[in-house]
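S.K.: coords please:
(one chain, ligands or ions: 1)
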Amino acid sequence: MERKIKVAQLLPIAGLIVLVIGCPLNAQPALKGAFKHAFYIGTALNRNQITGADKNSVAIVEKHFNSITAENILKWVYVHPEPTRYDFAPADSFVAFGEKNKMFIVGHTLVWHNQTPRWVFADDAGKPVDRETLLQRMKEHILTVAGRYKGRIHGWDVVNEAVEDDGQLRQSKWLQIIGEDYLQKAFEWAHEADPKAELYYNDYNMWHTGKRQTVIRLVRELQSKGVRIDGIGMQGHWGMDYPPLDELETSLLAYAELGVKVMITELDINILPNPGSHQGADITQNYALQQELNPYAAGLPDSMQAKLASRYAELFKILYKHRDKITRVTFWGVHDGVSWHNNWPVRGRTAYSLLFDRKYQPKPAFDAVIRIAGGE
Ligand code: 9MR
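M.R.: Got it, this is the predicted structure:
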């Protein structure tokens, strides 16, 4: 009798153990764990996440990601706003956060046409500076910023978005004032600043044939001159119907053929309608436009959640298949609420581009991605 009672008492505990071990819903897997043998899983961090103010995001980042990229704070306009003034405080916190969590830390970005202050390209009278002056400024910037985090930032997007989709070099001030060798100089100075850091070329629409051909030419030229370049970042600003899967695959294989690491940087999948002529509009004041361009303001229907999940799955399937060539997949933001898609190319929309929703919960797309790592 006594013995029977003891067994009965144990039953609920045993049941609980079976439930915890056996129920995958209770044990939400971590992205970084699921892809441990494939590639780093990274995310971009914004200011509130770096300061720790957005605690819920920080919890997601610590659980799911093993690589971080600064979404904005290392860009020239923020880190070096005036000729003799650098603002390193946010970047210092960003790097400290990555170190505390033993993450692969990526610096974004040293040389870009965007988010670079006007003074960089102008003299005191506002006239364009000459080649030597601009080279000098670029050198000083790179040596100071990459030099400060020597041995601590593991990889740098040295040059960002230098090529147009059709393969022409972007007519940036860097190109116009310095000439094509600004790329080479940027990589050389980044290497001088931190000889151990990995150095990347990073761009969007890298699956476009024209862009691919030019990027391959540029990388080959750097390599033939003995200039260090370690990797190519294919920004993953993708949609429901682009890139075509075969072009994505062809491109990533072509980049890998160069003998460099390939990474998917800035991944997010935009499901919102293309704004056409309303690009740049602020729709918050216009009801009809809101309905048309911001169709899921009140929430995303299950059918769309499912479509987004299968789109993530088909893209991840390709990435996972080529995991021997891909070293990192970085999402451009932690959750839907902080995605740049909420404000671009139309301001004030409700975007659904990432794996976690506004309430910090994993979406069906999250499960779909995890399943790919399980070989499905
Ligand atoms: O996500 C970034 C957003 O917060 C900035 O306002 C924007 C300014 O251009 O830059 C965004 O990030 C860009 C990245 O630095 C480079 N590739 C394109 C990204 C999206 O615009």
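S.K.: where does the prediction get shaky in the stretch 251-376 of the chain?
M.R.: Within the stretch 251-376 of the chain, the segments meeting pLDDT under 70 span 376.
S.K.: quick one, strands of it?
M.R.: 261-270, 326-331 (DSSP state E, counting those that start in this stretch).
S.K.: could you dump these to JSON lines with distance to the ligand and mean neighbour count?
M.R.: Quick note: C-beta positions are derived from backbone N, CA and C, even for glycine. Below are the strands of the stretch 251-376 of the chain laid out as JSON lines (distance: least, CB to the nearest ligand atom, whole Å; neighbours: other CB atoms under 10 Å):
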{"stretch": "strand 261-270", "distance to the ligand": "5", "mean neighbour count": "25"}
{"stretch": "strand 326-331", "distance to the ligand": "11", "mean neighbour count": "24"}
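S.K.: can you tell me which of the ones you listed comes nearest to residue 312?
M.R.: Nearest to residue 312, of all the strands of the stretch 251-376 of the chain, is strand 261-270, at 6.4 Å by CB to CB.
S.K.: partner strands of that closest one, with direction?
M.R.: Strands adjacent to strand 261-270 in the sheet, as given by DSSP bridges, are strand 231-239 (parallel), strand 326-331 (parallel).
S.K.: returning to that earlier point: quick one: closest of the strands of the stretch 251-376 of the chain to residue 210.
M.R.: strand 261-270 (18.7 Å).
S.K.: which residues of the stretch 101-250 of the chain lie near the ligand?
M.R.: 114-115, 160, 204, 235 (CB under 6 Å from any ligand atom).
S.K.: hmm, which of those residues are the buried ones?
M.R.: Buried subset of these (neighbour count, 16 or more other CB atoms under 10 Å): 160, 204, 235.
S.K.: what about the last one, distance to residue 366?
M.R.: Counting by CB to CB, to the nearest Å, the separation of residue 235 from residue 366 is 21 Å.
S.K.: residues contacting the residue in the chain positioned nearest to the ligand?
M.R.: Using CB to the nearest ligand atom, the closest approach of the chain to the ligand is made by residue 340 at 3.7 Å. Residue 340 makes contacts with 71, 268, 332-333, as judged by CB atoms under 8 Å, 6 or more residues apart in numbering.
S.K.: counting neighbours, what do you get for the residue nearest to residue 70 when sequence neighbours are not counted?
M.R.: Nearest in space to residue 70, with sequence neighbours left out and distances taken as CB to CB, 6 or more residues apart in numbering, is residue 94 at 5.1 Å. Neighbour count of residue 94, defined by other CB atoms under 10 Å: 26.
S.K.: and if you look at the one 4 residues further on?
M.R.: Neighbourhood size, residue 98 [other CB under 10 Å]: 25.
S.K.: hang on, the earlier thing: keep only those of the contacts of residue 340 that are in helices.
M.R.: Secondary structure defined by DSSP state H assigns none of those to helices.
S.K.: quick one: which two of these are the most distant?
M.R.: 71 and 268 (11.4 Å).
S.K.: what residues do those two have in common as contacts?
M.R.: 332-333, 340.
S.K.: local confidence estimate at residue 157?
M.R.: For residue 157, the model assigns a pLDDT of 99.
S.K.: rewinding a little: would you reformat the residues of the stretch 101-250 of the chain next to the ligand as CSV and include pLDDT and secondary structure?
M.R.: Output for those, formatted as CSV (pLDDT from 0 to 100; DSSP: H, G, I helix; E, B strand; the rest coil):
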residue, pLDDT, secondary structure
114, 97, coil
115, 97, coil
160, 98, strand
204, 98, coil
235, 98, strand
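S.K.: export these to a markdown table and append columns for distance to residue 221.
M.R.: What follows is those, written out as a markdown table (distance: CB to CB, whole Å):
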| residue | distance to residue 221 |
| --- | --- |
| 114 | 24 |
| 115 | 26 |
| 160 | 18 |
| 204 | 21 |
| 235 | 22 |
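S.K.: for the closest residue to residue 338 other than its chain neighbours, which residues are in contact?
M.R.: For residue 338, ignoring the flanking residues on the chain, the nearest one in space by CB to CB, 6+ apart is residue 46 at 5.7 Å. By CB under 8 Å, 6+ apart, the residues touching residue 46 are 54, 71-72, 333, 338.
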